[in-house]
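> here are the coordinates; sequence isn't available:
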């Protein structure tokens with residue numbers, strides 16, 4: 001066994017002394033025991049505070065050397081954390097598909113697509129899984145990075161499906177980032193990173209990890225109030241500046257499309273206010289000679305917390321065609337056109353009856369939603385000559401309005417799952433207009449990812465152990481608007497994004513961490 005720093009200190013002090021005996025016993029002790037021994041020696045005047053700090057530093061260095069004997073680390077890495085998470089899932093889906101229909105004669109009544117005799121129903125049962133395996137490593141206390149691999153290659157889902165002839169499943173890079181925290185109020189991150197925004201699945205699926213640069217500021221104005229600023233410059237589509245060779249011989253090379261990178265810029269101001277309660281709490285004296293002496297200290301504890309995070313996101317750049325999504329997303333080259341979304345998520349948190357409660361909400365408004373629907377989603381109708389300008393205006397005005405640019409959600413959660421025996425339950429309701437959010441980023445489970453939907457999500461969960469949680473989630477959705485025309489024989493974005501009259505989904509999950 002290697003001689004530890006504490007044993008050497010015992011030798012310095014002399015084998016016959018009480019301190020030597022205590023330190024020798026403490027040679028294989030924990031950090032907390034070491035600190036207690038050293039503090040006792042300082043109080044007795046055996047060693048000085050400076051000498052105690054030197055001993056602590058020497059013990060840490062020796063423990064680090066012993067740790068490298070088990071896991072070989074680069075000398076520049078001061079700390080390493082390995083983590084993993086896995087999930088088994090049974091999922092049942094039912095989709096009532098909305099068929100394409102012809103518009104009625106202009107001036108006639110709108111068809112009720114939800115009652116169309118041509119409506120079809122589709123059922124699916126699957127056994128699925130996901131896993132994540134990653135590491136975090138620290139070069140120093142304020143400089144660290146992360147690397148994670150996970151199942152699933154879609155941007156909004158880690159899920160993979162069992163039953164492919166026992167074939168092997170691919171593993172993909174899900175996180176690769178470097179973070180620097182020069183002060184307690186600033187954090188800088190570069191790379192493929194976890195979403196730093198306060199948000200809900202109505203706007204951002206929890207499996208979406210953005211790529212790029214993020215700056216996070218947070219200021220504790222007082223014990224009650226804190227405010228921050230989150231800025232993101234994220235690469236949505238890398239772009240490709242290839243040229244159209246078809247023009248060779250007929251003039252200069254011309255770009256086929258604008259393939260400069262598409263950048264997503266996000267801006268959010270998170271803030272939190274705590275309503276505090278103050279009470280006097282008794283405590284025992286820390287002096288071992290005065291154990292019977294009691295005192296009181298004022299303890300502050302929040303009884304209600306309010307969080308609010310207004311923000312904005314927009315896109316700039318060329319055409320985007322590189323999204324790999326499990327939702328019925330919009331994958332055309334103009335997929336990010338006319339998306340300038342104001343968001344306003346928030347929450348209330350409190351504790352009652354020994355349980356944690358959370359009321360949460362989200363709101364999104366695309367200020368260019370009309371342009372997105374008319375130009376991006378319906379532009380092919382207007383430009384293909386099927387309608388005269390007067391007919392086009394009548395069709396547009398009959399079907400689309402302000403409500404299609406809005407999305408909102410309200411929900412409540414009771415309990416939490418941190419230790420064995422914990423339980424939680426949550427339910428929320430949401431409405432998502434056709435032009436309100438980016439269909440390539442929102443929740444791929446709710447309404448199976450289709451837009452123009454509304455409905456509920458309900459979930460109950462129970463912790464079997466500290467690291468294993470079972471849950472059942474139920475979704476029930478239906479059309480937000482049932483008079484969005486889908487011309488027969490035309491494959492178009494409206495048909496792709498509003499193709500669900502309704503859905504039902506059941507997910508039974510078993511999740512464990514390791």
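Ah, there it is. None of these values were measured; they are calculated from a predicted model.
> show me where the stretch 51-200 of the chain has its strands.
When assigned using DSSP state E, counting those that start in this stretch, the strands of the stretch 51-200 of the chain occupy the ranges 79-97, 120-140, 143-151, 160-161, 171-183, 186-192.
> doesn't residue 175 make contact with residue 147?
Yes. With contact defined as C-beta atoms under 8 Å, residue 147 counts as touching residue 175 (6.6 Å). For the C-beta atoms, the positions are set from N, CA and C on the backbone; glycine is no exception.
> so what sits against both of these two?
Counting by C-beta atoms under 8 Å, 6 or more residues apart in numbering, the common neighbours of residue 147 and residue 175 are residue 134.
> looking at these two, which one has more neighbours?
Neighbours per residue (other C-beta atoms under 10 Å) separate residue 147 from residue 175, with residue 175 holding more: 19 against 16.
> isn't the more buried one right up against residue 148?
Yes. The criterion here is C-beta under 8 Å, and residue 175 meets it with residue 148 at 3.7 Å.
> export the strands of the stretch 51-200 of the chain as TSV, with columns for distance to residue 426 and mean pLDDT.
Below are these laid out as TSV (distance: least, C-beta to C-beta, whole Å; pLDDT from 0 to 100):
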stretch	distance to residue 426	mean pLDDT
strand 79-97	18	94
strand 120-140	20	92
strand 143-151	24	96
strand 160-161	26	92
strand 171-183	25	96
strand 186-192	29	98
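> wait, which of these is closest to residue 454?
Residue 454 sits nearest to strand 79-97 of all those, at 14.1 Å, using C-beta to C-beta.
> name every strand pairing with that closest one and say which way it goes.
According to DSSP bridges, strand 79-97 has the following sheet partners: strand 120-140 (antiparallel), strand 500-513 (antiparallel).
> list the buried residues of it.
Neighbour counts over strand 79-97 (16 or more other C-beta atoms under 10 Å) mark 85-89, 91, 93, 95-97 as buried.
> what's the closest non-adjacent residue to residue 321?
Among residues not flanking residue 321 along the chain, residue 333 sits closest, at 5.1 Å (C-beta to C-beta, 6 or more residues apart in numbering).
> state the distance from that neighbour to residue 42.
70 Å (C-beta to C-beta, to the nearest Å).
> likewise for residue 144?
Counting by C-beta to C-beta, the gap from residue 144 to residue 42 is 32 Å.
> more neighbours: which of these two?
Applying other C-beta under 10 Å to residue 144 and residue 42 shows that residue 144 carries more neighbours, namely 19 against 16.
> pretty sure residue 461 contacts residue 418?
No. Counting by C-beta under 8 Å, residue 461 sits too far from residue 418 to count as a contact (11.2 Å).
> so for the two, which sits in the more crowded spot?
residue 461 (19 against 11).
> beta partners of residue 121?
Per DSSP bridges, the residues bridged to residue 121 are residue 96.
> cool, and residue 308?
Those that pair with residue 308 in a beta bridge, by DSSP bridges, are residue 271, residue 346.
> show me what contacts it?
By C-beta under 8 Å, 6+ apart, the contact list for residue 308 reads 270-272, 344-346.
> scan these and report the most crowded one.
Counting neighbours by other C-beta under 10 Å, residue 345 comes out on top of the contacts of residue 308 with 24 neighbours.
> now find how far off-centre stretch 138-148 is within its chain.
20 Å (C-alpha atoms, centre = their mean, to the nearest Å).
> which parts of that stretch are buried?
Neighbour counts over stretch 138-148 (16+ other C-beta under 10 Å) mark 138, 143-148 as buried.
> and what of stretch 445-459?
Residues 445-455, 457, 459 are the ones in stretch 445-459 that count as buried (16+ other C-beta under 10 Å).
> of all the buried residues of stretch 138-148, which two lie farthest apart?
143 and 148 (18.4 Å).
> contact partners for residue 230?
Residue 230 is in contact with 196-197, 214-217, 266-270, 311, counting by C-beta under 8 Å, 6+ apart.
> ok, what's across the strand from residue 477?
Under the criterion used (DSSP bridges), residue 477 bridges to residue 455, residue 503.
> that one touches residue 451, doesn't it?
No. Taking contacts as C-beta under 8 Å, residue 477 lies outside contact range of residue 451: 11.1 Å.
> ok, the residue nearest the centre of the chain to residue 371 distance?
The centroid of the chain falls nearest to residue 206 when counting by C-alpha atoms, centre = their mean (3.9 Å). Counting by C-beta to C-beta, the separation of residue 206 from residue 371 is 29 Å.
> and the pLDDT at residue 7?
Listed pLDDT for residue 7 reads 51.
> measure residue 124 to residue 498 for me?
Applying C-beta to C-beta to residue 124 and residue 498 gives a distance of 20 Å.
> ditto for residue 136
If you measure residue 136 against residue 498 using C-beta to C-beta, the figure is 42 Å.
> cool, and residue 306?
Taking C-beta to C-beta as the measure, residue 306 falls 36 Å from residue 498.
> re earlier: let me know the secondary structure of the residue nearest to the centre of the chain.
State at residue 206, reduced to three classes by DSSP: H, G, I helix; E, B strand; the rest coil: coil.
> thought residue 194 was touching residue 176?
No. Under the criterion of C-beta under 8 Å, residue 194 makes no contact with residue 176, lying 11.4 Å away.
> so residue 370 is in which element?
Here residue 370, judged by DSSP states H and E, is contained in helix 369-371.
> per-residue pLDDT of residue 291, please?
For residue 291, the pLDDT comes out at 53.
> do residue 422 as well
With respect to pLDDT, residue 422 scores 96.
> on that earlier part again, so residue 124 and residue 498 - more neighbours on which side?
Comparing residue 124 with residue 498 by other C-beta under 10 Å, the one with more neighbours is residue 498, at 24 against 11.
> not counting its neighbours along the chain, what's nearest the more buried one?
Using C-beta to C-beta, 6+ apart, the nearest residue to residue 498 is residue 452, at 4.2 Å.
> angles on the backbone of that neighbour, please.
Dihedral angles of residue 452 (phi, psi; degrees, to the nearest 10) stand at phi 50, psi 50.
> quick check, it in contact with residue 436.
No. With contact defined as C-beta under 8 Å, residue 452 does not reach residue 436; the gap is 9.5 Å.
> list the contacts for residue 83?
132-136, 513-514.
> please redo it, this time with the cut-off set to 6 Å
Counting by C-beta atoms under 6 Å, 6 or more residues apart in numbering, residue 83 touches residue 134.
> for residue 447, see how far away residue 93 is.
Residue 93 sits 11 Å away from residue 447, going by C-beta to C-beta.
> residue 404 should be in a helix, yeah?
Yes. Per three-state DSSP, residue 404 lies within a helix segment.
> just give me the neighbour total for the closest residue in space to it that isn't next to it in sequence.
The spatial neighbour of residue 404 that comes closest, neighbours along the chain excluded (C-beta to C-beta, 6+ apart), is residue 433 at 4.1 Å. By the criterion of other C-beta under 10 Å, residue 433 has 26 neighbours.
> same deal with the one 4 residues further on?
The local packing of residue 437 (other C-beta under 10 Å) involves 26 other residues.
> let me know the helix or strand that it is in.
Using DSSP H and E, residue 437 sits within no helix or strand.
> next one: residue 36
Here residue 36, judged by DSSP H and E, is contained in helix 31-43.
> now do that helix, average pLDDT.
74.
> verify the contact between residue 358 and residue 350 for me.
No. Using C-beta atoms under 6 Å, residue 358 is not in contact with residue 350; the gap is 8.2 Å.
> these two: who's more crowded?
Neighbour totals were compared for residue 358 and residue 350, and residue 358 leads with 18 against 15 (other C-beta under 10 Å).
> ok, and the closest non-adjacent residue to the more buried one?
residue 413 (4.5 Å).
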